Structures are given as structure tokens and as C-alpha cells.
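**Student:** Here is my input, please return the structure:
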Amino acid sequence: MLQQFKTIQKKMEDYVLAPEVYSSHLMVKEHVELKASINSDAVKGVAQRVQRNIGQLRMPALHPEAFTAMKHPNFVILMAQIEDMFGVLNDLLISAERLWQEKSVLLDQCLQLRIFERDAEQVCALVHVCMHSTCIDA
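**Tutor:** A predicted model of the protein is given here:
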């Protein structure tokens, strides 16, 4: 799972901007799909299961299997490691969400810029045609 987050993070840190409207639309679409993988049931499910298991291990009276686990000589160390890993997973999820938001804004700005450029080129072309037709008529 950590590798999956690293792959997602690398994709989001890549700030190549699209040169025109069509590819800009494609980049926005791909970015939305990336958000789906961040919010996938698999990712959220793992985080929820880990959190639930930590809670169960902390309450041996309610969960007999936790009482057995607590007898392990390295229980305290292992619980600390599990909680640390959960913290890392949680931090990665928060970081991925933040990076996604930042790149989403950037891609939207790029798309708006490309649309403006396209429209401006069309207006310039029309003005150019109008000026030449006026000159010819004069």
C-alpha cells in the first residue's frame, strides 16, 4: 500500500502542463480518476481495519483475542510499531489529498488558460480576416 501511495504522489508531483485544450481536458480527467484511487474502498478499508484492530487490542475485556495478544513479550513494542505505521498511513492519505487539491487547482487554471488562448487566437484570426476584407473593399 505504501508503494501505491508513492506512485500516486509521484503522479501528482509531476507538473507537466498541457500545450492545448484537448490534452488539458485529458489531464483533468486523468486527475479525477487518480482521486478515485486515493479514495478507493481498498485504501479506506485498510485504514479502517487497522484502526479497528488497534482499538480491539487496547480493550482486552471486550475482545478475548486481545488478552491473548497482550501476553506476548513484545506486545507493547509491536503495538507502538503498528500505531506508528498507522500514523504513517494516515499522514500519507492526508498528504495525498492535499497534493491532489493543489494539482487540481493548477490543472483547472491551465485548462482555463488554454481555453482563453484558443478563443483569443480565434478572435485574432477573425479580426485579421475582417481587416483584410475591409482593405480590399476600400
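**Student:** buried stuff in stretch 16-32?
**Tutor:** Ala18, Val21, Ser24, Met27, Val28, His31 (16 or more other Cβ atoms under 10 Å). Yep, even glycine has a C-beta here, placed from its N, CA and C like the rest.
**Student:** what does that stretch rub up against?
**Tutor:** Contacts with stretch 16-32, where a contact means Cβ atoms under 8 Å, 6 or more residues apart in numbering, come from Trp100, Lys103, Ser104, Leu106, Leu107, Asp108, Cys110, Leu111, Arg114, Ile115, Arg118.
**Student:** Which helix or which strand is home to the residue nearest to Gln51 when sequence neighbours are not counted?
**Tutor:** Distances taken as Cβ to Cβ, 6 or more residues apart in numbering put Phe86 closest to Gln51, at 6.7 Å, once the chain neighbours are dropped. Secondary structure assignment for Phe86, by DSSP states H and E: helix 75-137.
**Student:** got it, and Ile54?
**Tutor:** Assigned by DSSP H and E, Ile54 belongs to helix 41-58.
**Student:** Could you tell me which residues make contact with the residue nearest to Gln51?
**Tutor:** Contacts here follow Cβ under 8 Å, 6+ apart; on that basis Phe86 touches Ala47, Val50, Gln51, Ile54.
**Student:** Identify the residue nearest the first one in space, chain neighbours excluded?
**Tutor:** Meaning Ala47. Using Cβ to Cβ, 6+ apart, the nearest residue to Ala47 is Leu89, at 6.0 Å.
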